[in-house]
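Trainee: give the three-dimensional model of this entry:
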Amino acid sequence: MTPKDAEPGYGEAMAELDAILAELEGDDLDVDVLAARVQRASELLKVCRARIVRAQQDVDRIVADLDEFDARDGDEGDDEG
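Mentor: So this is what the prediction gives:
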């Protein structure tokens, strides 16, 4: 198993979380399986949170770059005229 296989993408993790939630809400869940499902859900939540944090950091960096570009562009416009 490669590291990429070990950590699903956000969409895959959410789909698996939905499946686990449906299983946990069902009446026929084997108690012996309960702890394993809760553990897997915890791992998937960590993956999702990490992806959200990474995406937020990317967005923040892009916005900062755009702000910096706009500031430089505005300064150059002041010289013309």
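Trainee: can you point me to the longest helix in this structure?
Mentor: Using DSSP state H to define each element, the chain has its longest helix at helix 31-79.
Trainee: counting by contacts, list what that helix packs against.
Mentor: Helix 31-79 sits against helix 10-25, with contacts defined as 3 or more CB pairs under 8 Å, 6 or more residues apart in numbering; DSSP states H and E. C-beta here means a position set from N, CA and C on the backbone, and glycine is covered the same way.
Trainee: give the buried residues for the helix it packs on.
Mentor: 13-14, 16-17, 20 (16 or more other CB atoms under 10 Å).
Trainee: quick one: average pLDDT of it?
Mentor: In this model, helix 10-25 has a mean pLDDT of 95.
Trainee: next one: that helix to chain centre, how far?
Mentor: Offset of helix 10-25 from its chain centre (CA atoms, centre = their mean, to the nearest Å): 15 Å.
Trainee: what of stretch 7-18?
Mentor: On CA atoms, centre = their mean, the centre of stretch 7-18 falls 10 Å from that of its chain.
Trainee: one more: stretch 30-45?
Mentor: The chain centroid and the centroid of stretch 30-45 are separated by 20 Å under CA atoms, centre = their mean.
Trainee: let's number from 25 now, not from 1
Mentor: With 25 as the first residue, the last one maps to stretch 54-69.
Trainee: just the residues contacting that stretch, thanks.
Mentor: 32, 37-38, 40-41, 44-45, 47-48, 53 (CB atoms under 8 Å, 6 or more residues apart in numbering).
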